[in-house]
Every structure is written in C-alpha cells, then in structure tokens.
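**Student:** Show me the folded form of this:
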Amino acid sequence: MEFGIKKCRVLVMKKGRHHKSGIELASEDKIKEIDLEEGYKYLGVLEADSIKEKIMKENVRKEYIRWVKEIQRSKLNRRNTISAINARAVSIIRYIAGTVGWKTDELQSLDRRTRKLLTTYNMFQSKGDVDRLYQQRSEGGRKKEDCVLIEKSCLYCYVSVSEELLLKESLNESVVAVGHDKETVLTIRKSKFLEKKLHSVFFKAIEFRDVKRYEWLRKGDWKKAAEGTLMAGQEQAIRTRSIQHRIDRVDIPPNCRICDEREETVAHIVSECGKLAQKQYKQWRQDNVAQTIHWQLCKDNSLEHNEQWYDHRPKAIVENESFKLLWDMRIQTDRELAYNNPDIIAFNKDKRTCLIIDVTCPFDYRLPEGEREKIDCYDELKRELKRIWNCREIKIVPIVIGAFGTISTRSHS
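**Tutor:** Okay, the predicted model is just below:
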C-alpha cells in the first residue's frame, strides 16, 4: 500500500496571509503547496484559503445542464426522464447545499434553464404552468424537483433530524436557516396554481366529480412530446384562435378554422367540432378504445386475437362454444329502435348473460352526463335483447373516457 504523495497539497496561513512553503519528507519527496488560484478539490468541493464559490457555482451549473441535456436525449419515457433529472442532475446541487452560498436568483435561473430545455425537447410548453410542473404526479404534476427548494431545505432537514449535540445547538442558535418542508411548498404552489383564472379552468371543472383524473400521469408510459401537449391542452396553454383573439389581442376571428361555426377553444377542438367528429373522433379515438376492450375480451375468453392489442383488428362476429362477441353490428329487433348499434356486445352462452358496451370520449367535465346518455340510449335495446335472446341478465356498460384522459370511477372499475 502506497501513500499518494503526488495528490497531496499543503496550505500554510499565518495571520491570515498565505505563506508559500511545501513539506519535505524524509524520503526526499515534497508535498507541494496549494495554488490559491487553482485551489484543491476535497470531497468534491474546490477550496484553498476558503471555498472557491464562484468556480464551484460555474462548475456545478455546467455539470447540471450537461446532465439535463444528456437525459433529455435518451430514450427514457416521460416519467423516467423526470426521475433521472431529479436523481442525477438535481443531486449535484443537493450535494453542495449549505456549502456553497447560492443566491435565490441564481437557482431560479437554473430552474428557468431547465424549463427551456424541457420546452426544446417538447416535454413542456413555453406557455405552460410552472407551479404544476413541480407537483406530485398523483396531484396532476410531473414531480420535477425545485432547485431553490432543494438548496433551502436540504441542510435544514439534515440538521433537524440529527442526534448530534452540536448540530442541534446550531439549529437552536439559528446558525442554519429554517426552510419550508417539501409538503408545505407543494401546498403553496398548488394554491397559486388554482388561483390562476386560465390555467386552472379545466381542473376546477372536474374537481368535485367522481372521476380518476391522473391515472395516465401515474403510469408514466407515454412519450415525452405527447405528455407535454396533453398537459398544455389541460392548462389552456395552446394558442387557439380564441386565446389569440381575446388574450394576445391578435386581429383574427375567434371561430374554429375547420368548421367556422363556434369559437375555437381547446374543448371545441378535442371534442366538439362537428367536422372532426365525422372521422377523427370516431376512428382515431373511440374505435381505438373499443378495439382494446375487444382484444382483452377475446384474450380472456380464448377467442381468436392478435398477440398485441395494437395489431388487433376486430371481426364482426367471433365466437366459440361458450362465448360470442359482436363488433359494431346493427342488431335486428322486432320494432325499430333509435339506438341499436353499440360498439361491442358480449354474450355468455353458458350463463345466458350479456354486456352492451359502448365507448364515448366527451370533454372531461361531461363524463357523468356521457354515462347517463349511454345508459338511457340503450335501455330499450336492453329490454329487446333480454326477450329475443332469452337472457337472464343484461348490463349496459358505458366506457366514458375524457378527451384529456379523465376516467370515470365506473369505467375504471
């Protein structure tokens, strides 16, 4: 085992002044003195007669931005991307918290730079809500760590739970600044977000309804750009003609550029435009949801199906000895019915039970109304099928999913 003399340095200070003098060892080796300009790195912190704060801040800033860019270029999904930034990039700032004296505006500048990089890689919209970005995913946010909060609370949290007498005394004597805990800061941010008139419109509309709002956020398996666009739509951050006309004061008509019948809002684009409803809403959204349900029913009942749901192409009739599935088929009844063409009918031959399944994707605050409409529409078909097919039990199962991913409790179960 050898002692690394070449790595060692010595610093001699007399009455606050630096004296150049190395240490000569008996082995005729010499421990060099520290260059005050270059400093000496000890446990990752550059120091000489004092900590080189200016150089340390610049090095940390460059390393933090480098890691944020590297993670953004990776193929991680949206949830793992944010987790990686918190674990790898933010940890660089967390490590030197309390050692280097960061100013609040310096950390805020780092946060702004991070948001710009998220915008560059389509994970965040430039007009999106900043407070929501730092919320927990269960609360509708993305769980991004706040650099300012990390620096302020990290040292305080460490000292407050320590059992060492000196550290406890430093807290009593206010040597360590008292910072807000994470839960308090998130509560404040959430309150600020809900006070915003434009960004919080969507969330206030569905706040008291019996829905599951953030299942897609908790799973985190979407692409980065898809999540960024969807969240921007929820926050009314997409510059529709209505927003450009009323808020940006651009001299353009506020009506929809496709149908020109109603004002072009986010809600109108995703669920209310008459021309888009003819194809895009039905084929690209509702049919895809129904196709996934059809694939799962085929899989559960040993019917013919593809290995992956996205390759599945439902057939009009699929059946075996005990189960029968009808896809998008008009049902012949003794009397004419206004609604006799549900997306799926699942008939259990052994139990003589039947499920009438129909999918709809309205705007999110219309989920309860959408469920009631589907149940009322197919009530007559339910009575007719029970009589014609001699069923013991028939259930109407409305699958109602909001255009922005909100799922009713009934549909979820």
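
**Student:** what about the helices in the stretch 101-250 of the chain?
**Tutor:** 104-120, 130-133, 147-160, 165-172, 182-195, 201-206, 215-219, 224-234, 241-246 (DSSP state H, counting those that start in this stretch).

**Student:** closest to R392 out of those helices?
**Tutor:** With C-beta to C-beta, the closest approach to R392 among these belongs to helix 215-219: 33.2 Å. (Each C-beta comes from the backbone N, C-alpha and C, glycine too.)

**Student:** From R88, how far off is the most centrally placed residue in the chain?
**Tutor:** Residue closest to the average C-alpha location in the chain (C-alpha atoms, centre = their mean): R142, at 3.9 Å. Between R142 and R88 the distance is 16 Å, computed by C-beta to C-beta, to the nearest Å.

**Student:** which SSE is the residue nearest to K324 when sequence neighbours are not counted in?
**Tutor:** Using C-beta to C-beta, 6 or more residues apart in numbering and skipping the chain neighbours, the partner closest in space to K324 is F347 (4.4 Å). Assigned by DSSP states H and E, F347 belongs to strand 344-348.

**Student:** Just checking: what are the partner strands of that strand?
**Tutor:** The pairing partners recorded for strand 344-348 under DSSP bridges are strand 323-327 (antiparallel), strand 353-360 (antiparallel).

**Student:** Next, format those strands as a markdown table and append mean neighbour count.
**Tutor:** Shown next, in a markdown table, are the strands paired with strand 344-348 (neighbours: other C-beta atoms under 10 Å):
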| stretch | mean neighbour count |
| --- | --- |
| strand 323-327 | 20 |
| strand 353-360 | 21 |
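
**Student:** who wins for proximity to R66 among these?
**Tutor:** Comparison of the strands paired with strand 344-348 against R66 by C-beta to C-beta identifies strand 353-360 as nearest, at 45.9 Å.

**Student:** quick one: contacts of that closest one?
**Tutor:** 286-287, 289-290, 293, 342-348, 370, 373-374, 377-378, 381-382, 385-386, 389, 391-401 (C-beta atoms under 8 Å, 6 or more residues apart in numbering).

**Student:** List buried residues within the residues you listed.
**Tutor:** When these are checked for burial by 16 or more other C-beta atoms under 10 Å, the buried set is 286-287, 289-290, 293, 342-348, 370, 373-374, 377-378, 381, 385, 391, 394, 396-401.

**Student:** neighbouring contacts of stretch 304-318?
**Tutor:** Counting by C-beta under 8 Å, 6+ apart, 290-292, 294-296, 298-299, 303, 324-329 sit against stretch 304-318.

**Student:** same thing but 6 Å
**Tutor:** For stretch 304-318, contacts defined as C-beta atoms under 6 Å, 6 or more residues apart in numbering pick out 291-292, 294-295, 298-299, 303, 325-327, 329.

**Student:** Considering those residues, which possesses the most neighbours?
**Tutor:** Highest neighbour count within the contacts of stretch 304-318: H294, with 27 neighbours (other C-beta atoms under 10 Å).

**Student:** Distance of W67 relative to L107?
**Tutor:** Taking C-beta to C-beta, one finds W67 at 16 Å from L107.

**Student:** got it, and A232?
**Tutor:** Distance, A232 to L107, by C-beta to C-beta: 25 Å.

**Student:** follow-up on the earlier one: taking the contacts of stretch 304-318 together, which two end up most distant?
**Tutor:** K299 and M329 (20.4 Å).

**Student:** before we move on, the earlier item: from the buried ones among the contacts of strand 353-360, which land in helices?
**Tutor:** Among the buried ones among the contacts of strand 353-360, DSSP state H puts 287, 289-290, 293, 370, 373-374, 377, 381, 385 in helices.

**Student:** In TSV, list the contacts of stretch 304-318 along with distance to V12.
**Tutor:** Formatted as TSV, the contacts of stretch 304-318 follow (distance: C-beta to C-beta, whole Å):
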residue	distance to V12
Q291	77
T292	73
H294	80
W295	76
C298	81
K299	77
L303	84
L325	86
L326	90
W327	86
M329	92
